[in-house]
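1. Fold the following for me, if possible:
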Amino acid sequence: MNLCTFPNLRAACLITAFGLSLSAQAVVIVSTKNSISLVTSDQLAQIFLGQVSTFYTGAKAEPLDQPASSPLRQDFYQKYLGKSQAQIKAHWSKQAFSGKGQPPRELGSSPEIVKLVAENPKYIAYVDPGAVDGTVKVLKIK
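-> All right, here's what the predicted structure looks like:
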């Protein structure tokens, strides 16, 4: 019996057959008012882990985070920082306990983040590609 003939399972079979992924893919953004257009993975990690508070140009850099439950958050930290959610949580617990810093400000959604990033060139964030508009630019990651 072929389970893929049942209507409710057909989509799952297609996804499996073609190796498609439903995982989120985050893009890193800054305001169009920000002069940077690329950032290295190391610089990105330093900003999002609170190790530096400026862009390589010397301008203030403040990261913004997706909600903890967001698949974008998991994708971003794994892809660009090589860290799991548990590792990030442990990092920020240690930083906060020792008085060395607080985690990035958490916002509710990609559209909310895009709006805030567009208004201030100090912000750097990651969002769903579909939320990007002309008020922000996607950074190239080296």
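
2. Only C-alpha atoms from now on, for both contacts and neighbour counts.
-> OK.

3. Span of stretch 60-70 from start to end?
-> 26 Å (Cα to Cα, to the nearest Å).

4. List the buried residues for that stretch?
-> Ala61, Glu62, Pro63, Leu64, Asp65, Gln66, Pro67 (16 or more other Cα atoms under 10 Å).

5. any idea how far Gly99 lies from Lys60?
-> 20 Å.

6. What is the burial count for Gly108?
-> By the criterion of other Cα atoms under 10 Å, Gly108 has 12 neighbours.

7. so who does the nearest residue to it once chain neighbours are set aside touch?
-> Spatial nearest neighbour of Gly108, chain neighbours left out: Pro67 (5.8 Å); criterion: Cα to Cα, 6 or more residues apart in numbering. Counting by Cα atoms under 8 Å, 6 or more residues apart in numbering, Pro67 touches Arg73, Glu106, Leu107, Gly108, Ser109.

8. moving C-terminal of the lowest-mean-pLDDT helix or strand in the chain, what's the next helix or strand?
-> Taking mean pLDDT, DSSP states H and E as the measure, the helix or strand of the chain with the lowest value is helix 7-18, at a mean of 42. Downstream of helix 7-18, the next assigned helix or strand under DSSP states H and E is strand 27-31.
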